[in-house]
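Student: what's the 3D shape of this:
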Amino acid sequence: MQNLSLHFPQGRTADRALGTGVHRIVREASGNIGVGDAVPGALLVQVCLDRRGLWLQVPSGMRGIHVNGRPVRRMAMLRPGDAIYADGVEVLVRGQASTTTPYAAPRSGESDPRIVLRGIGGRHHGKAFPIESGCVVGAAREADIRVEAPHIGQQHARLNLHGGGVVLRHHDGAVISVVNGIPVHEAMLGAGDQIAFDPQSRFVIEIPWAQMDADKSLAADDADLEPAPQVNKPSGASMKRWPWLLIAAAGLAGLLSLLLLFGAG
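Tutor: Have a look, this model is predicted:
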């Protein structure tokens, strides 16, 4: 992940660029929100950026933490566009959307039904919508993805495949949606990019072959990690020796009993 930042929609806290490491979000004595290790205050949450991705970490005993409206107790992996809610504070994770097609399609000139828009919030959570022949989002009954909100038109936006990516366009030149936390009118999207048409209607682009490539890259990065300690288990030969050891111990106990008996006589 690159060019990630934390954005505070309330406007009283400046955006914070995210580099590798842990970033604390605290409530200062004045009631304002601060970000950073040196900022004193009550810890609300912290985010950690490493080579595996961006993680939300909830302090022990803290309650009422949500990501995209869903409660989080301990940890959650974050993606650009996610909205974090903590103690009445909203924090938006921002990341720059792609401007060029990020991946090559597996078959030149052909669409792929595996490229989908998957709901990660609201009434469409968990549902997958293929983009193969174009996908219309809007308030109209015939829309492929129906979203009802005051600012959503009958045909709010359309998504089409372009090479190995997805193009997002809006029918009205003044209309926008939020991609990876940033308002846009038109964008080229790749695997993992998040679109929010309203706070309760969030979706993520899924491109299977691109995600598989990312998984392989992550596996290669993990090759130099120290392996987890292994618990030594008894071998098969050791297990076979146990009955004989028990018999020998029983015989020895019997012999000692006889010696004690005759010795006492």
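Student: Could you confirm Leu252 falls within a strand?
Tutor: No: applying DSSP: H, G, I helix; E, B strand; the rest coil, one finds Leu252 to be helix, outside a strand.
Student: Need the pLDDT of it.
Tutor: For Leu252, the pLDDT comes out at 71.
Student: Phe262 too?
Tutor: With respect to pLDDT, Phe262 scores 64.
Student: again, but for Asn32
Tutor: The model reports Asn32 with a pLDDT of 86.
Student: So the closest residue to it other than its chain neighbours: helix, strand or coil?
Tutor: Of all residues beyond its chain neighbours, the one nearest Asn32 is Arg12 (6.2 Å), with distances taken as C-beta to C-beta, 6 or more residues apart in numbering. Bear in mind the C-beta positions are built from the backbone N, C-alpha and C, glycine included. Three-state call for Arg12 (three-state DSSP): coil.
Student: Tell me how far Arg12 lies from Val39.
Tutor: 14 Å (C-beta to C-beta, to the nearest Å).
Student: More neighbours: the two, which one.
Tutor: Between Arg12 and Val39, Val39 has the larger neighbour count (other C-beta atoms under 10 Å), namely 14 against 10.
Student: thinking again about what came up before, how near is the residue nearest to Asn32 to Val67?
Tutor: Distance from Arg12 to Val67, by C-beta to C-beta: 21 Å.
Student: Over to Pro113?
Tutor: 29 Å.
Student: Tell me which of these two has more neighbours.
Tutor: Using other C-beta under 10 Å, the more surrounded residue of Pro113 and Val67 is Val67, with 22 against 9.
Student: Quick check: that one touching Ala83?
Tutor: Yes: counting by C-beta atoms under 8 Å, Val67 touches Ala83, with 7.1 Å between them.
Student: Mind listing what's buried along the helix or strand hosting Trp55?
Tutor: According to DSSP states H and E, Trp55 maps onto strand 53-57. Within strand 53-57, the residues that count as buried by 16 or more other C-beta atoms under 10 Å are 54, 56-57.
Student: Then stretch 43-62?
Tutor: 44-49, 54, 56-58, 62.
Student: ok, the residue sitting nearest the centre point of the chain - contacts?
Tutor: Nearest to the geometric centre of the chain sits Met77, at 3.3 Å (C-alpha atoms, centre = their mean). Met77 sits next to 53-56 when contact means C-beta atoms under 8 Å, 6 or more residues apart in numbering.
Student: In a markdown table, list those residues along with distance to Ala149 and pLDDT.
Tutor: Shown next, in a markdown table, are those (distance: C-beta to C-beta, whole Å; pLDDT from 0 to 100):
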| residue | distance to Ala149 | pLDDT |
| --- | --- | --- |
| Gly53 | 30 | 89 |
| Leu54 | 28 | 92 |
| Trp55 | 30 | 92 |
| Leu56 | 26 | 93 |
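Student: Out of these, flag the one nearest to Phe8.
Tutor: Leu56 (15.5 Å; C-beta to C-beta).
Student: Quick check: pLDDT value at the nearest residue in space to the closest one that is not next to it in sequence.
Tutor: In space, Leu56 comes closest to Ala76 once its chain neighbours are excluded; the distance is 4.6 Å by C-beta to C-beta, 6+ apart. Confidence at Ala76, expressed as pLDDT, is 91.
Student: Ala76: helix or strand, and which one exactly?
Tutor: Here Ala76 is assigned to strand 75-78, by DSSP H and E.
Student: who does that strand pair up with?
Tutor: The strands beside strand 75-78 in its sheet (DSSP bridges) come out as strand 53-57 (antiparallel).
Student: what sits up against the helix or strand that the strand it pairs with is followed by?
Tutor: Next along the chain after strand 53-57, taking DSSP H and E as the criterion, comes strand 66-67. Residues from elsewhere that reach strand 66-67 (C-beta under 8 Å, 6+ apart): 56, 72, 76, 78, 82-86.
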